[in-house]
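Trainee: I need the structure of the sequence given here:
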Amino acid sequence: MEVVKNHPNSSRAKFELANAYDFIGQEEKAITLYEDAISTGLNNEYEAYALLQLGSSLRNVGRIDDAIRVLSDAESRYPEFPSITMFLSMAMYDKGMDSDALQNTLNAMLKYIKTSDIERYRMGIENYIKDI
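Mentor: Down below sits the predicted model:
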């Protein structure tokens, strides 16, 4: 907390303090700091982490719609972070969007996991995903 007091304009300091609050289960405090860090500007890598962690914290405090909104935005802005898709899928599941959550997860698996067996069955898997 002292670092943020000494560097009130540091987005990174706010992000790191949010991490600490998140780690000890004080998501409400973390949420405010994540939002502040994001709004004041982080580099792309840390913005992606902050959006993911904000979405996760929102989910943990029961703000599922907000979590889905934040994580959906993060997923579209940072498609190179499959972990965002995984957290989004969990929030979708919590919302009762089971089919969407499963489709989202399976599509991410197809995108990021490259093995000969997946490639062999890719067309069938893609067709089955559409039917979920």
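Trainee: from here on, contacts and neighbour counts on C-alpha atoms
Mentor: Noted.
Trainee: just the helices in the protein please.
Mentor: 2-6, 11-23, 27-40, 44-60, 64-77, 82-94, 98-112, 116-131 (DSSP state H).
Trainee: and the residue most central in space within the chain, what's its pLDDT?
Mentor: Residue closest to the average C-alpha location in the chain (CA atoms, centre = their mean): residue 52, at 2.9 Å. The model reports residue 52 with a pLDDT of 97.
Trainee: which residue is the nearest non-sequential neighbour of residue 86?
Mentor: Distance criterion CA to CA, 6 or more residues apart in numbering; nearest residue to residue 86, sequence neighbours excluded, is residue 105 at 6.4 Å.
Trainee: if we can go back for a sec, pull the contacting residues for the residue nearest to the centre of the chain.
Mentor: The neighbourhood of residue 52, defined by CA atoms under 8 Å, 6 or more residues apart in numbering, consists of 70-71, 74, 83-84, 87.
Trainee: among these, who's most crowded?
Mentor: Tallying neighbours with other CA atoms under 10 Å puts residue 71 at the head of those, with 29 neighbours.
Trainee: isn't that residue right up against residue 57?
Mentor: No. Residue 71 is beyond contact range of residue 57, at 11.0 Å (criterion: CA atoms under 8 Å).
Trainee: common neighbours of those two, please.
Mentor: With CA under 8 Å, 6+ apart, residue 71 and residue 57 have no common neighbours.
Trainee: okay, the residue lying closest to residue 78 once chain neighbours are set aside and residue 85: tell me how far apart.
Mentor: Take residue 78 and drop its neighbours on the chain: the residue closest to it by CA to CA, 6+ apart is residue 48, 6.5 Å away. Relative to residue 85, residue 48 is positioned 12 Å away (criterion: CA to CA, to the nearest Å).
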